[in-house]
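# heads up, no residue letters with this:
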Ligand code: NAD
Ligand code: UDP
């Protein structure tokens, strides 16, 4: 495989750091760009000794001139608590980040992949969600900064493809979890595991009947790589996620079982616009990328629980208040 110069924006984050690891392992020249809003340097510390890895502290809302062959654009807070902290900045990150990375791709004639999301489907009325579904998004709700930001980024990608023949890829990622998730991200998997390990009450929002389909991070990274390496005709969005669907209550019970915790379930109000069901239709990924997830929820949870047991929470800071 030829060695490529690859930029990963948001490369110090949960998914980005694993992607960097994989690309460095394949021998590529990897530039990790991050402003460390929802991550920290420790996620990529183990890569700093490699000659083919470089770390840049930079905010994607500002232009940057680099020479690269491929770009994975992951920079964006992803957990609801993180992206709602400064919603205007979240929208800027999606839109300006897309404009700046697309501009770089155009100048360098680089291939570019956007980390999009199942949130482009909003609170879906079609189930499971195929890529052809146009979504049910509230444009002015608390999740809109993220959902509409990602939708606008997809629009920019599509227009750069149409107007400038840019070689684009769009991955619509469904809930992904695993080791190196931020312990204070407030996402359901990290919350439940931390609560269970401390034998604290497990906070179920709503009645716990809402569903999510959880993908283990290694499967996701494999999907990313396959999408980037796919035939150049693959410019349409591709769902990447695990189609096995669980209710949030089932997830809580599974976490309690796997941690042998004495935690009890407690119920809190469902946040506004919280999607009631979510399950990817991955027919396109199966057909085009020959990709499907391989890690079952229980196996992935065991690895994630082991990770959360191993970390010292004192080593982590909540996202900076300066963004
Ligand atoms: P994460 O928060 O761990 O990673 C995002 C990274 O982007 C962090 O390192 C953060 O510091 C960085 N970042 C944020 N704003 C930035 C800016 N303005 N400039 C530079 N860097 C910035 O989240 P993640 O789960 O690793 O998500 C990575 C990408 O995948 C995101 O774009 C997210 O929207 C997308 N995604 C993730 C999931 C999931 O379930 N994990 C689902 C759908 C989409
Ligand atoms: N959730 C929950 N308890 C928590 C955190 C989240 O019940 O402590 C629910 C949340 O309301 C949503 C689901 O779990 O229905 C997934 O939430 P998360 O924030 O992980 O991701 P989302 O898919 O909503 O972006």
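Cool, got the structure. Quantities reported herein were computed from a predicted structural model and do not represent experimental measurements. Ligands and ions are numbered 1, 2, ... in the order given.
# what's the span of stretch 177-193, first residue to last?
11 Å (CA to CA, to the nearest Å).
# buried residues in that stretch?
Neighbour-count burial for stretch 177-193, counted by 16 or more other CB atoms under 10 Å, picks out 177-185, 187-193. All C-beta spots, glycine's among them, are computed from the backbone N, C-alpha and C.
# mind listing what residue 219 touches?
Contact analysis of residue 219 by CB atoms under 8 Å, 6 or more residues apart in numbering lists 242, 293-295.
# Where does the residue of the chain positioned farthest from its centre sit: helix, strand or coil?
Distance from the C-alpha centroid of the chain, by CA atoms, centre = their mean, peaks at residue 262 (30.9 Å). Following DSSP: H, G, I helix; E, B strand; the rest coil, residue 262 is assigned to coil.
# gap between it and residue 41?
36 Å (CB to CB, to the nearest Å).
# try residue 9
16 Å.
# Compare these two (neighbour count), which wins?
residue 9 (29 against 13; other CB atoms under 10 Å).
# I'd guessed the more buried one sits against residue 71; true?
Yes: look at residue 9 against residue 71 with CB atoms under 8 Å: they come within range, at 7.1 Å.
# returning to what we had before: closest one of the buried residues of stretch 177-193 to residue 289?
Using CB to CB, residue 178 comes nearest to residue 289 of the buried residues of stretch 177-193, at 19.9 Å.
# Among the buried residues of stretch 177-193, name the ones in helices.
Of the positions in the buried residues of stretch 177-193, 188-193 sit in helices, assigned by DSSP state H.
# So residue 246 belongs to a strand, correct?
Yes: Residue 246 forms part of a strand when assessed by three-state DSSP.
# Show me which residues of the stretch 51-200 of the chain are close to ligand 1?
59-61, 74-78, 82, 93, 115, 117, 173, 175-176, 182 (CB under 6 Å from any ligand atom).
# Take those residues and keep only those in strands.
115, 117, 173, 176 (DSSP state E).
# Make CSV out of the residues you listed and add distance to residue 135 and neighbour count.
Putting those into CSV (distance: CB to CB, whole Å; neighbours: other CB atoms under 10 Å) gives the following:
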residue, distance to residue 135, neighbour count
115, 17, 27
117, 11, 23
173, 15, 23
176, 19, 26
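# What is the nearest of those to ligand 2?
Within these, proximity to ligand 2 (CB to the nearest ligand atom) peaks at residue 117, which comes in at 8.4 Å.
# Ramachandran coordinates for the residue lying closest to the closest one once chain neighbours are set aside?
Closest residue to residue 117 apart from its sequence neighbours, by CB to CB, 6 or more residues apart in numbering: residue 150 at 5.1 Å. Torsion angles at residue 150 (phi, psi; degrees, to the nearest 10) stand at phi -70, psi -30.
# Surely residue 18 is in contact with residue 217?
Yes: between residue 18 and residue 217 there is a contact at 5.5 Å, judged by CB under 8 Å.
# for the lowest-mean-pLDDT helix or strand in the chain, packing partners?
When each helix and strand of the chain is scored by mean pLDDT, DSSP states H and E, helix 80-83 comes last, with a mean of 92. When contacts are defined as 3 or more CB pairs under 8 Å, 6 or more residues apart in numbering; DSSP states H and E, helix 80-83 packs onto helix 144-164.
# and the contacts of residue 219 near ligand 2, which?
Answer for the contacts of residue 219 near ligand 2: none qualify (CB under 6 Å from any ligand atom).
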